[in-house]
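Asker: this one's sequence-less:
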């Protein structure tokens, strides 16, 4: 079946959420957003390319930090409104220097930092 | 540090995206949404409880299908605008009967079904 990024379901801002998962460890690294063109760029270049909502610009992950994400595979979910990319992550995925953005555990009444930038 | 669901960052509809990951296999199962109260309910009951955007109602995962998600751990990301829940998934996470919603692989120009409901 032919895949066309235009057939995905985007939100009112024209964006679709994207989950990035480490292809080796299967750790969930981060969640960010793509528009139609970012999806096409990611597939064409194999460099995971998000749409930065704050900068309103394409965001080739790691372009300035060197912490790149090489695309291994892309999947779309049953509702076609969320993407999963498995990646080869160089260095830290998180801007705080941690390998994943999900470094804070939460429970009723408490939250705890599970890893530091040096982990 | 005290955790208060009110301190998370919700979108204009009062929702935060939630990634569900199988605690054993580390497979990413689905992405859905919670509001403040769903976050609190999930932590209090250990039954993963989303907010259904189509039904505009709480959605205790598996309540009708039996395909429940028991909360193992919840994490919040660096921007506090996305949650990751690791779960013990009973049966299929996807309404199509597949264990994950991400059963379709996409590449430039093609998409392929990677698993059937029987896998």
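Answerer: Sure, I can see it. It should be emphasised that the depicted structure is a prediction, and the values quoted were computed from it without experimental measurement.

Asker: Look up phi and psi at the residue nearest in space to the middle of chain A.
Answerer: Chain A has residue A:20 as the residue nearest its centroid, 3.9 Å off, counting by Cα atoms, centre = their mean. Main-chain torsions, residue A:20, degrees, to the nearest 10: phi -110, psi 130.

Asker: Kindly state the beta-bridge partners for it.
Answerer: residue A:30, residue A:85 (DSSP bridges).

Asker: so what pLDDT did it get?
Answerer: You'll see residue A:20 listed with a pLDDT of 98.

Asker: so who does it touch?
Answerer: A:28, A:29, A:30, A:31, A:32, A:48, A:69, A:85, A:87, A:89, A:93 (Cβ atoms under 8 Å, 6 or more residues apart in numbering or on different chains). Yep, even glycine has a C-beta here, placed from its N, CA and C like the rest.

Asker: Residue A:40 now?
Answerer: For residue A:40, the contacting residues are A:5, B:108, by Cβ under 8 Å, 6+ apart.

Asker: Now with 6 Å, please.
Answerer: residue A:5 (Cβ atoms under 6 Å, 6 or more residues apart in numbering or on different chains).

Asker: Could you report the pLDDT at it?
Answerer: 96.

Asker: closest to chain B among the contacts of residue A:20?
Answerer: Nearest to chain B among the contacts of residue A:20: residue A:31, at 4.4 Å, using Cβ to the nearest Cβ.

Asker: What ranges in chain A fall below the confidence cut-off?
Answerer: Counting by pLDDT under 70, chain A contains low-confidence ranges at A:119.

Asker: how about the helices in it?
Answerer: Using DSSP state H, the helices of chain A run over A:36-45.

Asker: Near chain B, which residues of chain A are found?
Answerer: For chain A, the contact set with chain B under Cβ under 6 Å from any Cβ of the partner chain comprises A:1, A:3, A:17, A:19, A:21, A:26, A:28, A:31, A:43-44, A:74-78, A:82, A:84, A:94, A:96, A:101-102, A:104-106, A:108, A:110-111.

Asker: Please list the members of those that lie in strands.
Answerer: Taking DSSP state E as the definition of strands, the residues of chain A next to chain B contribute A:17, A:19, A:21, A:28, A:31, A:74-76, A:84, A:104-106, A:110-111.

Asker: now the residues you listed in JSON lines, with neighbour count?
Answerer: Converted to JSON lines, those look like this (neighbours: other Cβ atoms under 10 Å in any protein chain shown):
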{"residue": "A:17", "neighbour count": "19"}
{"residue": "A:19", "neighbour count": "24"}
{"residue": "A:21", "neighbour count": "26"}
{"residue": "A:28", "neighbour count": "24"}
{"residue": "A:31", "neighbour count": "23"}
{"residue": "A:74", "neighbour count": "24"}
{"residue": "A:75", "neighbour count": "22"}
{"residue": "A:76", "neighbour count": "24"}
{"residue": "A:84", "neighbour count": "25"}
{"residue": "A:104", "neighbour count": "20"}
{"residue": "A:105", "neighbour count": "17"}
{"residue": "A:106", "neighbour count": "23"}
{"residue": "A:110", "neighbour count": "10"}
{"residue": "A:111", "neighbour count": "17"}
